[in-house]
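Participant: this is a predicted model, with the sequence first.
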Amino acid sequence: MEEKLTKKQQKDLVLEIQKDFKRRKEERKIFEEKWKLNLNFLIGNQNLDLNMSNMIFDSESNFAWEEKKVFNHIAPIIETRLSRLVEVKPSMVVLPASAQDEDVSNAKVCRDILEGISSKINLSKIISKATSWSEVCGTAFYKVVWNKDDGMVIGKNENGENIFEGDVDVLVCSPFEIYPESGLVEEIEEQKSIMHAKTCDVQEIYEAWGVKVLGSDVESFSLAQNFASSNAFSISKTIKHNEALVIEKYEKPTKKYPDGRLIIVCENELLYYGKLPYKNMHNEKRGYPFVKQISISEPTMFWGTSVIERLIPIQKAYNSVKNRKHEFMKRASLGVLAVEDGSVDVESLEEEGLAPGKVLVYRQGSNLPSLISEDSVPTSFEQEERALLDEFLSVGGISDIFGGENSKFLTTMSGTALEILIEQEYSRISSIGENIKFATKKIAEQILRLYKQFVAGKRETRLVGNNGKVNFFYWDKGTISSDDVTFDTQAENLRSLSQKRNTILELLDKGIFNDENGKLKPEMKLKLLDTLGFGLWEESLDLDAKQTQKAQRENMELISENIVPKVLDIFDHQKHIEAHTAFMLSEEFEKNVKKKPEFETIMLNHINEHKKFLEKTLKEQQQKGE
């Protein structure tokens with residue numbers, strides 16, 4: 001889209017965007033107030049409520065003596081939920097679209113690419129941050145973008161500044177930054193347009209777009225890690241100085257604009273006008289760079305719901321019960337003094353109370369002042385308090401199965417029963433885990449499509465194993481095809497590593513992984529150890545695996561770099577012959593032989609050389625045996 005706008009068209013477009021933004025902000029206001037209420041209840045500001053206009057107000061006490069203390073149970077519930085959800089670590093595994101060798105090879109490359117970028121950007125931390133937002137506000141967003149100033153340095157420009165190859169970046173956007181076209185359209189891809197409004201420093205705006213704008217004090221919500229708990233985050237409202245609000249409007253492709261539109265404005269200035277920057281949809285179509293993650297879905301609603309909204313009525317009732325209980329106990333301990341009108345100095349009693357040893361003077365002839373006795377705390381208080389505590393756990397989707405009265409029943413349970421109980425406990429929030437996996441799947445798709453769009457030439461990606469061993473592999477965009485791969489995020493769930501180990505050991509004991517001879521092959525042993533978390537560590541000690549890997553590297557070096565492999569005495573020639581033969585039978589090798597027929601002769605000669613070494617070794621062994 002190379003449409004040029006006149007100054008009047010630019011001015012009209014800016015006014016149109018600002019008007020549209022105000023409309024969306026007003027429509028989203030009811031949800032925003034709920035998010036703010038959730039935030040306040042999370043941090044302990046719980047003497048608040050929403051009025052008929054859905055605006056937050058401070059509920060005042062009916063009497064001066066009325067207690068309004070807060071007994072925060074929402075915060076520990078959210079922290080517990082986050083500690084369980086942090087165990088959801090979706091593996092962005094790419095499955096081949098078919099059994100053909102080319103698809104299998106592409107799937108392996110895509111999987112390694114995703115693992116490499118996940119490690120580089122620390123995707124687990126990014127997911128945890130987004131999950132904190134979705135748990136508190138019901139919805140969080142990822143923004144998958146191409147950062148041209150990231151990656152390796154590939155040269156310098158005319159000013160002597162570094163030129164980078166660029167790389168993918170994944171950002172977390174709070175729901176306060178996102179403004180959809182309609183709150184009644186559930187899926188983000190179905191929205192006609194999406195606005196992303198964020199505050200930026202005026203100097204950054206000038207450096208990015210070359211436009212000077214006036215800064216001001218802007219209200220912003222930030223998310224920072226809470227060091228009191230490694231799984232929780234503190235969310236706070238801050239005032240940023242000398243900043244301006246930048247509004248990005250992403251419009252879906254239409255007949256008029258087949259590549260969509262991206263319009264960026266700030267104050268009264270048009271910063272950018274052009275087509276959508278990323279081909280991140282199916283069949284290389286352009287789309288929104290956003291991925292939505294929700295906590296609890298609401299049918300036909302764009303915004304998700306937070307469990308805090310369900311907990312607030314329980315929290316308010318619990319605070320009320322505890323405060324009324326404390327007031328009752330104060331009356332019982334301090335007493336309520338009944339006096340005849342005019343018989344005592346009431347002002348003195350109100351100021352000083354009935355101190356121990358106090359001489360109480362009352363009017364002669366009047367009735368003796370007396371304390372109105374209070375009975376013990378009614379059992380209804382205790383019953384309601386326990387009922388509310390149980391309701392907290394039920395609605396919050398958590399419970400302490402190993403604590404309290406439950407502990408005495410656990411001693412009589414079998415290991416299987418305990419495992420089922422734990423699995424049921426985790427299944428209560430498994431739907432949120434599935435939402436995280438679905439969002440991760442969308443992120444993986446967009447990452448591969450951005451690489452396919454922007455990568456030029458060969459790239460080097462680094463993978464770090466469990467033992468700290470660093471592996472490098474090379475690829476280009478020709479090996480990526482996000483349309484014929486399947487993203488598997490079902491590999492991880494809320495079950496712990498120990499539970500997975502027990503399952504694998506049970507299957508291993510029954511011989512499920514054995515071959516036709518009833519033995520466990522070295523390759524299967526490595527896969528099992530890798531699943532248990534020890535794969536790469538064991539691999540560094542396994543000579544059979546090293547021999548096979550060496551032969552596979554020789555195959556790739558011949559195809560990609562024309563390096564003719566050599567045969568050494570230290571090789572396990574049988575392993576090398578098997579690896580080279582399997583490679584020659586693959587479709588990938590057939591395609592390369594069509595381009596360079598000499599590859600077939602090179603590989604046959606290399607295999608024959610291995611066979612000669614193998615025959616020599618066998619003869620030497622026979623001679624020793626004789």
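Facilitator: Thanks, I have the structure now. Numbering: from 1, shown residues only.
Participant: when you work out contacts or count neighbours from here on, use the C-alpha atoms and nothing else.
Facilitator: Noted.
Participant: immediately after the worst-scoring helix or strand of the chain on mean pLDDT, which helix or strand?
Facilitator: The weakest-scoring helix or strand in the chain, judged by mean pLDDT, DSSP states H and E, is helix 535-539 (a mean of 46). Heading C-terminal from helix 535-539, the first helix or strand you meet, by DSSP states H and E, is helix 543-561.
Participant: the very next helix or strand once past that next one vs helix 543-561, what angle?
Facilitator: Using DSSP H and E, the helix or strand that directly follows helix 543-561 along the chain is helix 573-584. Helix 573-584 and helix 543-561 are oriented at 40 degrees to each other (axes from the mean of the first three to the mean of the last three C-alpha atoms, to 10 degrees).
Participant: mind pulling the model confidence for the closest residue to residue 518 other than its chain neighbours?
Facilitator: Leaving aside its chain neighbours, residue 518 sits nearest to residue 511 (7.4 Å; criterion: C-alpha to C-alpha, 6 or more residues apart in numbering). pLDDT, residue 511: 80.
Participant: pretty sure residue 511 is in a helix, no?
Facilitator: No - judged by DSSP: H, G, I helix; E, B strand; the rest coil, residue 511 forms no part of a helix; its state is coil.
Participant: can you count the residues close to it?
Facilitator: The tally of other residues near residue 511 (other C-alpha atoms under 10 Å) stands at 13.
Participant: so it makes contact with residue 521?
Facilitator: No - counting by C-alpha atoms under 8 Å, residue 511 stays clear of residue 521, with 11.9 Å between them.
Participant: and residue 195, its phi and psi?
Facilitator: phi -110, psi 140 (degrees, to the nearest 10).
Participant: I'd guessed residue 323 sits against residue 317; true?
Facilitator: No - with contact defined as C-alpha under 8 Å, residue 323 and residue 317 do not form a contacting pair (9.9 Å).
Participant: who has more neighbours, these two?
Facilitator: Set residue 323 next to residue 317 and count neighbours by other C-alpha under 10 Å: residue 323 wins out with 18 against 14.
Participant: enumerate every residue touching the more buried one.
Facilitator: 67, 68, 69 (C-alpha atoms under 8 Å, 6 or more residues apart in numbering).
Participant: with adjacent residues omitted, what lies nearest to the first one?
Facilitator: Same thing as residue 67. Nearest one to residue 67, counting by C-alpha to C-alpha, 6+ apart, is residue 323 at 5.7 Å.
Participant: what pLDDT does that neighbour get?
Facilitator: 90.
Participant: measure it to residue 77 for me?
Facilitator: 21 Å (C-alpha to C-alpha, to the nearest Å).
Participant: same question for residue 615.
Facilitator: 69 Å.
Participant: for residue 87, same thing?
Facilitator: Counting by C-alpha to C-alpha, the gap from residue 87 to residue 77 is 16 Å.
Participant: who has more neighbours, these two?
Facilitator: More crowded of residue 87 and residue 77, by other C-alpha under 10 Å: residue 77, with 22 against 17.
Participant: what comes up buried for the host helix or strand of that one?
Facilitator: Residue 77 belongs to helix 74-85 when assigned by DSSP H and E. Across helix 74-85, burial judged by 16 or more other C-alpha atoms under 10 Å covers 74, 75, 77, 78, 79, 80, 81, 82, 83, 84, 85.
Participant: ditto for stretch 142-162
Facilitator: 142, 143, 144, 145, 146.
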